[in-house]
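Q: give me the fold of what follows.
(one chain, ligands or ions: 2)
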Amino acid sequence: MRFFDNHTHSQFSPDSATSMSELAAQAIAVGAKGISFTDHLDLEAPRNTDKFVFDVKKQQRELECVAEKYRDKLQILRGIEVGLQPCAIKSTKEYTSPHDFDVVVASIHFVDGLDPYYGDYYLEKDYKTAYGRVLELIYETATEYKDFDIVGHFDYVARYAPYKVRDIMYKDFPDELDVLLKFLAENGKALEINTKTYGDQRGHIQKLDVSVLKRFKEFGGEAISLGSDSHDAHRVCDKFPYFWEVVKSCGFNNLVYFENRRPVFYNPERF
Ligand SMILES: [Zn+2]
Ligand SMILES: [Zn+2]
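A: Ligands and ions are numbered 1, 2, ... in the order given. The predicted model follows:
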């Protein structure tokens with residue numbers, strides 16, 4: 001089986017020290033068909049404001065060199081992960097518009113000026129309020145920003161949550177998830193399975209609720225994207241064979257990657 005890893009971070013992201021060349025070499029080692037470098041752009045970040053920005057031209061020049069080096073072995077695609085917040089929609093559009101990308105991942109990393117990674121976001125909120133607000137915000141910013149291909153880690157907020165039951169279950173957020181999944185399905189956007197979210201998260205085994213995938217399919221959604229969210233080379237395509245089985249069990253026959261902002265559907269077993 002050969003996969004595309006649609007979500008990885010190189011040294012152009014402030015929280016990764018891994019070179020594009022190392023990530024590409026590992027992608028080849030695990031038999032990947034392709035990889036997208038989706039470095040972080042988070043404008044108006046509440047902390048380290050100046051850090052989550054990168055020089056797109058410089059990143060793409062480096063990417064071209066690495067793509068040339070591995071030309072016959074791996075397809076390397078130009079990506080970006082834009083961190084959306086209502087206050088950063090306009091500036092993010094301005095920052096990205098001069099550049100061409102193969103794929104744009106839109107994610108929420110900050111919520112109402114707080115960073116869930118540090119835990120203060122969850123203070124005095126039960127999981128219904130904490131998760132509900134994030135899902136609402138993903139919908140709000142995605143429908144306003146529009147210029148993206150994949151919605152990244154919809155359940156990121158559960159990664160760092162302090163609750164006993166931490167997974168985002170469809171049954172607890174049917175309204176918030178329905179509007180989002182419907183919007184994605186109707187606009188040909190992809191839903192990401194971010195494999196970094198699942199597994200051991202600070203002592204809790206976090207799981208994906210397959211009802212979310214099934215509901216996306218019911219709305220006519222077709223595009224499921226697998227992303228490792230690797231910041232280190234060793235996680236490239238992490239758990240992809242397992243999640244491909246999960247995707248199939250929900251009735252999908254293909255996965256997707258994006259080239260020149262267009263979806264390419266593929267079956268990893270036929271590559
Ligand atoms: Zn992210
Ligand atoms: Zn990421």
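
Q: what comes up buried for the helix or strand bottoming out on mean pLDDT in the chain?
A: Counting by mean pLDDT, DSSP states H and E, the chain has its least confident helix or strand at strand 199-201, which shows a mean of 83. Of the residues in strand 199-201, none count as buried by neighbour count, 16 or more other CB atoms under 10 Å. C-beta: built from backbone N, CA, C; applies to glycine.

Q: and what of stretch 208-219?
A: Quick answer for stretch 208-219 (16+ other CB under 10 Å): 208, 209, 212, 213, 214, 215, 216, 217.

Q: just stretch 234-249 next, same as before
A: Quick answer for stretch 234-249 (16+ other CB under 10 Å): 235, 236, 237, 238, 239, 240, 243, 244, 246, 247.

Q: how much space is there between the nearest residue to the last one once chain neighbours are set aside and residue 266?
A: Pointing back at residue 247 there. Beyond its immediate neighbours in the sequence, the residue positioned closest to residue 247 (CB to CB, 6 or more residues apart in numbering) is residue 224, lying 5.3 Å away. Distance from residue 224 to residue 266, counting by CB to CB, to the nearest Å: 11 Å.

Q: overlap in contacts of those two?
A: Shared contacts of residue 224 and residue 266 (CB atoms under 8 Å, 6 or more residues apart in numbering): 254, 255, 256.

Q: thinking again about what came up before, next, count neighbours for the residue nearest to residue 247.
A: When neighbours are counted by other CB atoms under 10 Å, residue 224 registers 23.

Q: now it. Its backbone dihedrals?
A: phi -110, psi 130 (degrees, to the nearest 10).

Q: pLDDT value on it, please?
A: Listed pLDDT for residue 224 reads 98.

Q: so what's it up against?
A: By CB under 8 Å, 6+ apart, the contact list for residue 224 reads 190, 191, 192, 193, 213, 216, 247, 252, 254, 255, 256.

Q: mind putting those into CSV with distance to ligand 2 and secondary structure?
A: Output for the contacts of residue 224, formatted as CSV (distance: CB to the ion, whole Å; DSSP: H, G, I helix; E, B strand; the rest coil):
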residue, distance to ligand 2, secondary structure
190, 15, strand
191, 15, strand
192, 10, strand
193, 13, strand
213, 20, helix
216, 20, helix
247, 20, helix
252, 23, coil
254, 23, coil
255, 18, strand
256, 17, strand
